[in-house]
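Asks: return a 3D structure for these sequence lines:
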Amino acid sequence: MYGWRMRRQAALIIALAGLSACSLPRSRPVAEPPGPGPSAATSPGALPPPPPPSSASDDDPPDPCADPVEAAYLSDCQAGISTPDDGVQSDDTEEVDDGHEEETTIAPPSPSRPRPLHPFASLTDQQLAQRYKDDPGSVGSLSVGATNAGALINGVSMPHGDRWELLDPANAWGTQETIDALTRAIDKVYEKYPDSPKMQIGHISARNGGPLSPHVSHQSGRDVDVSYYVSTPTRWFTLVTDSNLDRARTWAFVRALLSETDVELILMDRRIQKMLREYATSIGESEAWLGAVFDGKPGVRPMIIHAKGHANHIHVRFYNPIAQETARRLQPLLGLRSKPPVPASYVLHRARSGDTLDSLARRYGTTVDAIRAANGLKSNAIKARRVYKIPRPGPARTSSPSGPSRPPPRRVPSAAHR
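Replies: Purely as a prediction, here's the structure:
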């Protein structure tokens, strides 16, 4: 009798355990732990261990998580990838980069900080177009289209410097304004803390802009990924903790971005925002100003925004009053020229079980041939959990096709707190 009762109880426990497991949400696959022995990839912020050899065919597109340079940008290489505008978020799909794609604000210059005239303000659109035809380089950098569907013309390579380190120089191209603004913010840190370690600079844009894996944005020379200042930096972006964040230097950099440059937004993890805000309050920064920067105010979004995957680096997006406005005025000409190209918009999609090229083409409003061409596929076969570039129809558009591109006034602290 006792044995029968024990067997019945055991069967009931097993049945309940199975029912409980079925009711739980599906969890994301967990990467295999590294083998025995020391490994640099086990420390915070270090590169993940290289993936094991696979039987991938030539038709498989490159997986961003398989590349150590690209993997360094992701907080979780098992995370899925979705489009920046489809609004779908699930256990399997989430944004890798950011979904903050907004039109350039049309606003007058700040009365207290008048901006210089555009260098080509005296030229008519026809004269500017002729100048570009005669000598494309003479018009300077052009930030064409949106940051998630654009191009970079006459880009400038971020130079090597004593105060920063380039993690991927081949993809550290931006407009002249972006390079100057980033350099200025770093220099402000060194003015206050001359013994600062080098800041690590990751991706800005490819030389001609356009899609840059594994990002959604970084296409028009205005987005920059940089490291936090930490007490014990690793070779790549270091995962920030309460104990290793250098609050003073990181806040000095963020403060310089806000007060010294035309920054559009700053993406960082919410937990790190809290640490920086507490530090800024402790050194006497204006509470009203900090509220506007971190929380926003009615009708105005905050400047510093939480985004998943930004616990090991800061994503900075700049306004480019000159490069954006010049591109806007030249857009009719750029749209007709074959070189330099104005690419279509791309989104990244991690395939799920049941996806086909035909279903993806219908979902995104493109064609099977276009998807195959974008990914170098030789057949229509695709694999689940592989990342595919999906071209969206239509040329890149300027940020403000109906009027001049002007950034809003800078959100600077009051004179008493400068």
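Asks: pLDDT score assigned to residue 194?
Replies: What the model reports as pLDDT for residue 194 is 97.
Asks: cool, residue 34 as well?
Replies: pLDDT, residue 34: 39.
Asks: next: residue 211.
Replies: Residue 211 is given a pLDDT of 89.
Asks: surely it touches residue 389?
Replies: Yes - assessed by C-beta atoms under 8 Å, residue 211 is found in contact with residue 389 at 6.2 Å. Where C-beta positions appear, they are placed from N, C-alpha and C, glycine not excepted.
Asks: more neighbours, the two?
Replies: residue 211 (22 against 18; other C-beta atoms under 10 Å).
Asks: just checking, residue 268 touches residue 304?
Replies: Yes - shown here, residue 268 and residue 304 form a contact pair, counting by C-beta under 8 Å, at 6.3 Å.
Asks: which residues are in contact with both of these two?
Replies: Common neighbours of residue 268 and residue 304, counting by C-beta atoms under 8 Å, 6 or more residues apart in numbering, are absent.
Asks: output the below-cut-off pLDDT ranges for the stretch 101-250 of the chain.
Replies: 101-116 (pLDDT under 70).
Asks: which stretches of it form strands?
Replies: Per DSSP state E, counting those that start in this stretch, the stretch 101-250 of the chain carries strands over the ranges 142-146, 149-153, 156-157, 164-166, 173-174, 199-201, 223-226.
Asks: which residues touch residue 120?
Replies: By C-beta under 8 Å, 6+ apart, the neighbours of residue 120 are 128, 131, 139, 326, 329.
Asks: 6 Å instead?
Replies: residue 128 (C-beta atoms under 6 Å, 6 or more residues apart in numbering).
Asks: give me the phi and psi for it.
Replies: The phi and psi values for residue 120, taken as degrees, to the nearest 10, are phi -110, psi 20.
Asks: how much space between it and residue 335?
Replies: In this view, residue 120 and residue 335 are 19 Å apart by C-beta to C-beta, to the nearest Å.
Asks: residue 282 now?
Replies: 52 Å.
Asks: pick out whichever of these two has more residues nearby.
Replies: Set residue 282 next to residue 335 and count neighbours by other C-beta under 10 Å: residue 335 wins out with 13 against 9.
Asks: do a quick rundown of the helices in the chain.
Replies: Ranges of helices in the chain, per DSSP state H, are 2-23, 68-71, 125-134, 176-192, 247-260, 270-282, 287-294, 321-336, 357-364, 368-375.
Asks: of these, which is nearest residue 202?
Replies: Evaluated over the helices of the chain, closeness to residue 202 peaks at helix 68-71, with 8.5 Å, by C-beta to C-beta.
Asks: mind putting the helices of the chain into JSON lines with distance to residue 381?
Replies: Shown next, in JSON lines, are those (distance: least, C-beta to C-beta, whole Å):
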{"stretch": "helix 2-23", "distance to residue 381": "32"}
{"stretch": "helix 68-71", "distance to residue 381": "24"}
{"stretch": "helix 125-134", "distance to residue 381": "44"}
{"stretch": "helix 176-192", "distance to residue 381": "40"}
{"stretch": "helix 247-260", "distance to residue 381": "46"}
{"stretch": "helix 270-282", "distance to residue 381": "40"}
{"stretch": "helix 287-294", "distance to residue 381": "48"}
{"stretch": "helix 321-336", "distance to residue 381": "35"}
{"stretch": "helix 357-364", "distance to residue 381": "8"}
{"stretch": "helix 368-375", "distance to residue 381": "10"}
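Asks: to residue 311, which of these lies closest?
Replies: helix 270-282 (6.5 Å).
Asks: return the set of buried residues in that closest one.
Replies: In terms of neighbour count (16 or more other C-beta atoms under 10 Å), helix 270-282 has its buried residues at 272, 273, 275, 276, 277, 279, 280.
Asks: tell me the angle of it relative to helix 247-260?
Replies: With axes from the mean of the first three to the mean of the last three C-alpha atoms, to 10 degrees applied, the angle from helix 270-282 to helix 247-260 works out at 80 degrees.
Asks: what lies in contact with helix 270-282?
Replies: 240, 245, 247, 251, 290, 294, 304, 306.
Asks: list the contacts of residue 357.
Replies: 368, 371, 380 are the contacts of residue 357 under C-beta under 6 Å, 6+ apart.
Asks: and what of residue 152?
Replies: Contacts of residue 152 by C-beta under 6 Å, 6+ apart are 205, 208, 209, 220, 221.
Asks: which strand residues bridge it?
Replies: Judged by DSSP bridges, the bridge partners of residue 152 are residue 143.
Asks: quick one: neighbours of the nearest residue to residue 243 once chain neighbours are set aside, just the number.
Replies: Distances taken as C-beta to C-beta, 6 or more residues apart in numbering place residue 231 nearest to residue 243, at 7.8 Å, with adjacent residues excluded. Applying other C-beta under 10 Å, we find 12 other residues in the vicinity of residue 231.
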